[in-house]
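**Q** Output the structure for:
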Amino acid sequence: MGASTMLKWGVEELLRKYPDLRLQPAASGDTIIAGTLEFSAQTRGQKLVSDRYEISISVPPAFPRSIPMVRETARRIPPNFHKLATGHLCLGSPTRLRLIQAETPSLVSFVERCVIPYLYGYSIVESGGVLPFGELSHGDRGIRDDLASMIGLDNDLVLLGFERLLAMKKRQANKLPCPCGKGMRLGRCHNRMINMLRDKLGRRWFSSLVHGSR
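**A** As a prediction, the model looks like this:
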């Protein structure tokens, strides 16, 4: 990885802030950052947690358009606690993770907004508490539930209508009826949220949701 890429991704900032993480050699095209991640975190209604985990982060060359994959390497977190079939941590829905990376495309942001909340949640559960951020189903159901929470609805047919508008060009979509049922066109109803999601994630991502080709 070149110096310009390290600067763009914020690798040096990440290693300064979390000095027990290190760059490691990788046989693949990914960049590997591994070691001990030590943190203190707290969310409303929960206790302060200070903890440390052994992790490995695989950063793809297309970061931040592609999401890094993270493993917990000391086998502290059991396989049945929100892990993917590959053994990587399930940090959230791909739509949510992509949105976070679009808003703040740096590795520090990824670690602090995606990795640490997952580890914090497990620390709470390990000590006998409940997950502070709730739980999503895995797979397409979880992706759709998370998107529904962003838009603020709970009807699958309405959500499908919004997904189709998200996959369209802005001008075309804004002229069509808003799926929420208020009787207005999108451009005078939910257009701000829909346009924000489309601008940050791109029509192709939402088209892949509609056609199941992620």
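**Q** can I assume residue 38 sits in a strand?
**A** Yes: counting by DSSP: H, G, I helix; E, B strand; the rest coil, residue 38 is found in a strand.
**Q** Give me the nearest residue to it, chain neighbours excluded.
**A** Using C-beta to C-beta, 6 or more residues apart in numbering and skipping the chain neighbours, the partner closest in space to residue 38 is residue 52 (4.2 Å). (Each C-beta comes from the backbone N, C-alpha and C, glycine too.)
**Q** And for that neighbour, the neighbour number?
**A** Other residues lying near residue 52 total 13 when counted by other C-beta atoms under 10 Å.
**Q** what about it, helix or strand, and which?
**A** Counting by DSSP states H and E, the element that carries residue 52 is strand 49-59.
**Q** which residues sit against that strand?
**A** Under the contact criterion C-beta atoms under 8 Å, 6 or more residues apart in numbering, strand 49-59 has outside partners 9, 20, 24, 26, 28, 30-42, 68-74, 76-77, 107, 111, 115, 119-120, 123-124.
**Q** Of those, which belong to helices?
**A** 9, 107, 119, 120, 123, 124 (DSSP state H).
**Q** circling back to that earlier point, run me through the strand neighbours of the strand holding residue 52, direction for each.
**A** Applying DSSP bridges, strand 49-59 is found paired with strand 31-41 (antiparallel), strand 69-72 (antiparallel).
**Q** Need the winner for burial among those strands.
**A** For those, the largest average neighbour count (mean count of other C-beta atoms under 10 Å) is found in strand 69-72, namely a mean of 21.
**Q** okay, now the domains of the chain?
**A** As given by automatic domain parsing, the domain ranges for the chain are 3-126, 139-211.
**Q** Going along the chain from the lowest-mean-pLDDT helix or strand in the chain, find the next helix or strand for me.
**A** Taking mean pLDDT, DSSP states H and E as the measure, the chain has helix 139-151 as its least confident helix or strand, at a mean of 69. Next helix or strand after helix 139-151 toward the C-terminus (DSSP H and E): helix 156-166.
**Q** hmm, who's touching that next one?
**A** So helix 156-166 is contacted by 144, 147-148, 151, 153, 173, 176, 179-181, 186, 190, 194, 197-198, 203, 206, 209-210 (C-beta under 8 Å, 6+ apart).
**Q** In contact with residue 119, which residues?
**A** Counting by C-beta under 8 Å, 6+ apart, residue 119 touches 37, 39, 51, 53, 55, 72.
**Q** Can you list the low-confidence ranges for this structure?
**A** Low-confidence segments of the chain (pLDDT under 70): 1-3, 6, 133-143, 209-214.
**Q** can you name the farthest residue from the center of it?
**A** The C-alpha centroid of the chain is most remote from residue 183, which lies 32.9 Å away (C-alpha atoms, centre = their mean).
**Q** Provide the secondary structure category for it.
**A** Three-state assignment for residue 183 (three-state DSSP): coil.
**Q** Work out which residue lies at the spatial centre of this structure.
**A** With C-alpha atoms, centre = their mean applied to the chain, the nearest residue to centre is residue 97, 1.6 Å.
**Q** Could you say which helix or strand holds it?
**A** helix 94-103.
**Q** and that helix, how far out from the chain's middle?
**A** Relative to its parent chain, helix 94-103 has a centroid offset of 5 Å by C-alpha atoms, centre = their mean, to the nearest Å.
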